[in-house]
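Asker: how does the following fold in three dimensions:
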Amino acid sequence: MISFQEARKKIKSLAGIVPVQTSEVDLLNGLNRVIDSDIIAPIDMPLFDRSAMDGFAIGLPQKPTEQTFKIVGEVQAGEDASLTLQGGEAVRIYTGGVVPKGTYAVVPIEDVVALRDNDSVVIDLTQVMKGQHIRRRGEQFRKGDVVLEGGTLLNEAAIALLSSVGIKKVKVKEFPLALVLITGNEIATGKQEIGSGRIYDSNGILLNAYLKKWRIKNKILYVKDDTELMEESIKANMEQSGVIISTGGVSVGKYDHVPTVAKSLGFEVVFHKVRQKPGKPLFLAVHKQKRVVWWGLPGNPAAVWMGFNLYVLPFLLYNSGYVNEFPKTAFVESISSINNHSERDWLMAARLTNSGKVEIFPKQRSDMLMPLSHSDAIAHVPAETNIKPGDIVKTFIL
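Answerer: Below you'll find the model as predicted:
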């Protein structure tokens with residue numbers, strides 16, 4: 001059995017073991033994908049000096065205090081400003097408008113002292129600083145600068161950034177095909193009825209929802225607790241799969257066949273059992289020849305939820321070249337009391353409050369989905385640690 005910290009480190013050490021394709025896609029199809037290489041700015045940003053406010057662009061003042069400026073034109077956003085301001089002149093200008101040559105500063109409309117018949121404007125110069133409210137060309141970055149580094153995960157803002165400089169397509173790393181194996185004789189699928197020891201499927205639905213969210217191509221199979229059936233299912237699909245994600249069958253019971261099947265198919269065990277709760281029987285194996293990774297998640301839904309968020313998804317991202325820690329972590333003040341007297345780290349469903357603190361839900365078991373449905377974070381409570389309100393807790397942000 002290894003520690004939670006050791007298990008998380010081993011994820012990164014396996015990065016790149018599964019081959020992934022690089023695709024050039026439209027920007028929106030790059031969402032939640034890792035950039036293949038550095039992206040270079042094709043233009044300056046901003047591309048020209050532009051106004052940050054609605055107001056007046058004024059030429060060089062001739063007085064140190066209050067002065068009347070003659071209005072000589074108007075510049076709207078999207079128009080080319082061909083004129084040059086002289087001392088004592090002003091133009092009406094709108095947010096995003098090109099700042100004319102000779103502009104001393106932009107004065108917001110609310111700071112104007114008086115407007116006289118649309119011919120002139122009176123401005124209190126004691127409140128004006130040279131260059132104020134002007135967004136200078138290249139202020140954000142220059143043509144040739146790296147705007148996004150390779151290994152960056154494209155989020156909505158990153159896509160908008162690339163669009164703002166005229167980039168329409170982006171090269172990204174695709175995720176490998178995932179084979180999802182839901183094991184257990186008790187799982188009712190299709191129109192099968194529950195009762196007499198049978199239960200509705202939740203693990204398959206949970207994983208399918210996550211894979212759909214991240215647009216990870218996958219195939220989901222439901223397999224009985226039978227060694228031969230499991231082995232046949234994997235053999236038939238392993239050539240097309242880069243990652244196998246199974247649920248159940250990883251403990252030490254009579255019908256827990258995952259470790260046995262994995263070894264018989266040529267997988268080498270990286271670790272089996274982690275000092276954590278939920279998810280102690282977590283299983284990871286690698287087929288080096290075929291370059292396939294097998295994640296064996298325990299069958300309880302909370303363990304599947306934790307396992308996917310803290311192990312499987314981070315591995316998929318690291319394998320595609322993602323360079324930052326995933327999920328993002330923060331050290332947050334707790335409003336809850338948790339007493340962990342066990343020798344295992346607890347990974348607990350939690351939520352971030354409006355005040356920026358973390359609430360750890362009190363009643364949690366590995367079979368419970370209810371706390372997970374209200375959570376947007378996972379609190380890490382180390383072994384033999386008591387957490388009280390006001391204590392700082394390492395928190396994974398989902």
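
Asker: what's the end-to-end length of stretch 54-61?
Answerer: With Cα to Cα, to the nearest Å applied, stretch 54-61 spans 19 Å between its terminal residues.

Asker: what does that stretch contact?
Answerer: 51, 67, 69, 71, 75, 85-95, 99-100, 102-112, 121, 123, 125, 128, 133 (Cβ atoms under 8 Å, 6 or more residues apart in numbering). Where C-beta positions appear, they are placed from N, C-alpha and C, glycine not excepted.

Asker: ok, 7 Å please
Answerer: For stretch 54-61, the external contacting residues (Cβ atoms under 7 Å, 6 or more residues apart in numbering) are 51, 67, 69, 85-95, 99-100, 102-109, 112, 121, 123, 125.

Asker: what residues sit buried inside it?
Answerer: Neighbour-count burial for stretch 54-61 flags Asp54, Gly55, Phe56, Ala57, Ile58, Gly59, Pro61 (criterion: 16 or more other Cβ atoms under 10 Å).

Asker: between these, which is closest to Lys169?
Answerer: Lowest distance from Lys169 to the buried residues of stretch 54-61 (Cβ to Cβ) belongs to Asp54, with 35.3 Å.

Asker: ok, now how distant is the closest one from Ala105?
Answerer: 14 Å (Cβ to Cβ, to the nearest Å).

Asker: picking up where we left off before, which of the buried residues of stretch 54-61 lies closest to Leu317?
Answerer: Of all the buried residues of stretch 54-61, Leu317 sits closest to Asp54, with 43.0 Å by Cβ to Cβ.

Asker: quick one, strands of the stretch 51-200 of the chain?
Answerer: Taking DSSP state E, counting those that start in this stretch, the strands of the stretch 51-200 of the chain run over residues 55-58, 66-75, 89-93, 105-108, 112-116, 120-124, 134-135, 146-148, 169-173, 178-183, 187-188, 199-200.

Asker: weakest of the ones you listed by average pLDDT?
Answerer: Looking over the strands of the stretch 51-200 of the chain, mean pLDDT reaches its minimum on strand 187-188, with a mean of 80.

Asker: which neighbouring elements make contact with it?
Answerer: Packing partners of strand 187-188 (3 or more Cβ pairs under 7 Å, 6 or more residues apart in numbering; DSSP states H and E): strand 199-200.

Asker: can I get the very next helix or strand once past the strand it packs on as PDB, trimmed to CA atoms?
Answerer: Using DSSP states H and E, the helix or strand that follows strand 199-200 towards the C-terminus is helix 203-213. Extracted in PDB, the C-alpha atoms of helix 203-213 (Å, rounded to 0.1, in the frame of the first residue of the first chain):
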ATOM      1  CA  ASN A 203     -21.000   4.300 -12.000                       C
ATOM      2  CA  GLY A 204     -21.400   3.900 -15.800                       C
ATOM      3  CA  ILE A 205     -23.600   7.000 -15.900                       C
ATOM      4  CA  LEU A 206     -21.100   9.000 -13.800                       C
ATOM      5  CA  LEU A 207     -18.100   8.100 -15.900                       C
ATOM      6  CA  ASN A 208     -20.100   8.600 -19.100                       C
ATOM      7  CA  ALA A 209     -21.100  12.100 -18.000                       C
ATOM      8  CA  TYR A 210     -17.500  13.000 -17.200                       C
ATOM      9  CA  LEU A 211     -16.200  11.600 -20.500                       C
ATOM     10  CA  LYS A 212     -18.900  13.500 -22.400                       C
ATOM     11  CA  LYS A 213     -18.100  16.700 -20.500                       C
END
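
Asker: buried ones in helix 203-213?
Answerer: Of the residues in helix 203-213, those buried (16+ other Cβ under 10 Å) are Asn203, Gly204, Leu206, Leu207, Tyr210, Leu211.

Asker: packing partners for that helix?
Answerer: strand 178-183, strand 218-223, helix 301-307.

Asker: so where's the stretch 201-350 of the chain uncertain?
Answerer: The stretch 201-350 of the chain contains residues with pLDDT under 70 at 255.

Asker: which residues of the stretch 251-398 of the chain fall in helices?
Answerer: Using DSSP state H, counting those that start in this stretch, the helices found in the stretch 251-398 of the chain span residues 258-264, 301-307, 313-319, 370-373.

Asker: so which of these is the most packed in?
Answerer: helix 301-307 (a mean of 25; mean count of other Cβ atoms under 10 Å).

Asker: the domain parsing of this structure - what is it?
Answerer: Domains of the chain are assigned by automatic domain parsing as 2-20+175-319, 23-44+153-173, 50-135, 328-397.

Asker: among those domains, which is nearest Arg142?
Answerer: Of all these, domain 23-44+153-173 sits nearest to Arg142, with 5.4 Å by Cβ to Cβ.

Asker: how distant is the closest one from the center of its chain?
Answerer: 15 Å (Cα atoms, centre = their mean, to the nearest Å).

Asker: measure it end to end?
Answerer: 6 Å.

Asker: and the helices of the stretch 251-398 of the chain: which comes nearest Leu347?
Answerer: Among the helices of the stretch 251-398 of the chain, helix 301-307 comes nearest to Leu347, with 5.1 Å by Cβ to Cβ.

Asker: if we can go back for a sec, can you put the helices and strands packed on helix 203-213 in TSV and add distance to Ala41?
Answerer: Supplementary listing: the helices and strands packed on helix 203-213 in TSV, determined by distance: least, Cβ to Cβ, whole Å:
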stretch	distance to Ala41
strand 178-183	35
strand 218-223	36
helix 301-307	40
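
Asker: between the ones you listed, which one is closest to Asn29.
Answerer: Per Cβ to Cβ, nearest to Asn29 of the helices and strands packed on helix 203-213: strand 218-223, 17.6 Å.

Asker: let me know the closest of the buried residues of helix 203-213 to Ser366.
Answerer: Of all those, Asn203 has the smallest distance to Ser366: 11.9 Å, by Cβ to Cβ.

Asker: ok, the closest one - contacts?
Answerer: Ile182, Thr247, Gly299, Pro301, Val304.

Asker: hmm, 8 Å instead?
Answerer: Ile182, Ile187, Thr247, Gly248, Leu297, Gly299, Pro301, Val304.

Asker: for the fourth one, grab phi and psi.
Answerer: Meaning Gly248. Dihedral pair for Gly248: phi 80, psi 170, per degrees, to the nearest 10.

Asker: what about it, how many neighbours?
Answerer: If you count neighbours by other Cβ atoms under 10 Å, Gly248 ends up with 28.
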